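A.B. asks: this one's sequence-less:
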C-alpha cells in the first residue's frame, strides 16, 4: 500500500468497463470468435487494432483493396452502435457497410425506414482512431444522435 | 402497307419507349459505357441480361461469388429507381448495395435520413425478371412507393 496520493488515472481496462459502447464492440468481436482464438485475450488487446495513429496511417497503402480484417472491424464498430441504439429504443437496427475496392463507401445503421447513422467512408483501409478515448467518443456521439433521431421520428423507424 | 387489322402489340422497343423507368436503366448503362461498346446496340439488347427465366436461374450456380456484371446490373436497376424518384421529388437519392459473397444482402435507396427503397437480396447471382414487363412493373412499383414515402416524410428526407 502506497501512502503517496495518486491521481485517479483511467486505464484502458477501466475505460472499457465504463463504456457501454466499447463493451459492445468487445462483445461482438468475441461473438465472432468461432475458434476461441481470443478467449484469453484482454478486452484492451481486442480493441487495439482500432487504434491507428497518424504514423500508422501513413504505412497503410491506399492502393490495395481493403483488408477483410479491416472490413470486419468497421462492421463491428457500426454493429456495436446499432446494438446500443437498439437497447435504448427497442427497435431493431440493421447495419450496411458498402465499400468499393478503393475504400470509399457508406456505413448505414437503420431501423424501419429511418437512417440512424449515415457515414460516408473514405480511405477505409486506414479506419481507426487516435486513442481508445477518441473511439469511445465517436461511437457514443453516433449512438446518441441515433437515439435522438429514433425518438424524433418513431413512425418512420417502425415502418 | 397491310390491309389486315392487327392487334396493337407491345414490342419491347415500344414498351421501353413508354417506360420512364426502363429508359432510365438504359441511360445508366449507356452512361457507364466508357469505351462505346454498346453504342450501336438497341435498348432492348442492353436490357436483355435482366431477363432471367426460371430455367436460366437453375443454370446459375449459387456456389460462386456474385459476378461483377451481375452486381453492376443490380446497381443500375436501383440507381434508375433513385433517378426516377429524384426527378419526381427533387431530393437527392443515394444507392447502397451491400452483398456478401453468398449473394445475400441489402439494396437501399435513400434521401437524407429516409429510406425510400429497402430490399433484402437473396441469391443475387440470379438477379433478374421473367420478362421486360415484369421488370418494368417491379421498378415502377418501387419508384411509386419511394415517391409516396418522400412526400409523406419530407422532413426526414431533407435531414
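C.D. replies: Perfect, thanks for sending it. In this text the structure is predicted, and so the values were computed from the model without any measurement. Residues are numbered from 1 along each chain as shown, chains lettered A, B, ... in the order given.
A.B. asks: Let me see the contact set for the residue lying closest to residue A:151 once chain neighbours are set aside.
C.D. replies: Take residue A:151 and drop its neighbours on the chain: the residue closest to it by Cβ to Cβ, 6 or more residues apart in numbering or on different chains is residue A:89, 7.0 Å away. Just so you know, the C-beta spots here come from the backbone N, C-alpha and C atoms, and that holds for glycine as well. Counting by Cβ atoms under 8 Å, 6 or more residues apart in numbering or on different chains, residue A:89 touches A:111, A:147, A:150-151, A:157.
A.B. asks: let's see 7 Å
C.D. replies: A:147, A:150-151 (Cβ atoms under 7 Å, 6 or more residues apart in numbering or on different chains).
A.B. asks: Buried only: go through those residues for me.
C.D. replies: A:147, A:150 (16 or more other Cβ atoms under 10 Å in any protein chain shown).
A.B. asks: which residues of chain A score low on pLDDT?
C.D. replies: Residue ranges of chain A with pLDDT under 70: A:1-9.
A.B. asks: How much space separates the residue nearest to residue A:146 when sequence neighbours are not counted from residue B:109?
C.D. replies: Distance criterion Cβ to Cβ, 6+ apart; nearest residue to residue A:146, sequence neighbours excluded, is residue A:116 at 3.5 Å. For residue A:116, the distance to residue B:109 (Cβ to Cβ, to the nearest Å) stands at 17 Å.
A.B. asks: Please identify which of those two sits among more neighbours.
C.D. replies: residue A:116 (29 against 26; other Cβ atoms under 10 Å in any protein chain shown).
A.B. asks: I figured that one hits residue A:150, correct?
C.D. replies: Yes: assessed by Cβ atoms under 7 Å, residue A:116 is found in contact with residue A:150 at 6.0 Å.
A.B. asks: Could you verify that the residue nearest to residue A:146 is part of a strand?
C.D. replies: Yes: the assignment for residue A:116 by DSSP: H, G, I helix; E, B strand; the rest coil puts it in a strand.
A.B. asks: In contact with it, which residues?
C.D. replies: A:85, A:93, A:109-110, A:146, A:149-150.
A.B. asks: Mark which of those residues are part of helices, please.
C.D. replies: A:85, A:146, A:149-150 (DSSP state H).
A.B. asks: close to chain B, is stretch A:29-39?
C.D. replies: No: Stretch A:29-39 stays clear of chain B (Cβ under 7 Å from any Cβ of the partner chain), getting no nearer than 13.9 Å.
A.B. asks: quick one: contacts of that stretch?
C.D. replies: Taking Cβ under 7 Å, 6+ apart as the rule, stretch A:29-39 contacts A:46, A:76.
A.B. asks: Show the end-to-end separation of that stretch, please.
C.D. replies: The first residue of stretch A:29-39 is 11 Å away from its last residue (Cα to Cα, to the nearest Å).
A.B. asks: ditto for stretch A:30-41
C.D. replies: Start-to-end, stretch A:30-41 (Cα to Cα) is 10 Å.
A.B. asks: That one: which residues count as buried?
C.D. replies: Of the residues in stretch A:30-41, none is buried (16+ other Cβ under 10 Å).
A.B. asks: Give me the most central residue, chain A.
C.D. replies: For chain A, the residue nearest the mean C-alpha position is residue A:77 (2.3 Å; Cα atoms, centre = their mean).
A.B. asks: Mind telling me what element that residue is part of?
C.D. replies: helix A:68-89 (DSSP states H and E).
A.B. asks: sorry, back to before: joint contacts of residue A:116 and residue A:150?
C.D. replies: residue A:85.
A.B. asks: ok, then the element right after the helix holding residue A:77?
C.D. replies: Defined by DSSP H and E, the subsequent element after helix A:68-89 is strand A:94-99.
A.B. asks: elements contacting that next one?
C.D. replies: helix A:68-89, strand A:105-111, strand B:94-99 (3 or more Cβ pairs under 7 Å, 6 or more residues apart in numbering or on different chains; DSSP states H and E).
A.B. asks: winner for burial among these?
C.D. replies: strand A:105-111 (a mean of 24; mean count of other Cβ atoms under 10 Å in any protein chain shown).
A.B. asks: List the neighbouring strands of it plus their orientation.
C.D. replies: strand A:94-99 (antiparallel), strand A:114-121 (antiparallel) (DSSP bridges).
A.B. asks: List the neighbours of that strand that are in contact with it.
C.D. replies: Contacts of strand A:105-111 (Cβ under 7 Å, 6+ apart): A:74, A:78, A:81-82, A:85, A:91-99, A:115-121, A:124, A:146, A:150, A:157, B:96, B:108, B:115.
A.B. asks: and if you look at stretch A:58-70?
C.D. replies: Contacts for stretch A:58-70 (Cβ under 7 Å, 6+ apart): A:99, A:101, A:103, A:123-127.
A.B. asks: change it to 10 Å
C.D. replies: A:49, A:52-53, A:71, A:73-74, A:99-105, A:121-128 (Cβ atoms under 10 Å, 6 or more residues apart in numbering or on different chains).
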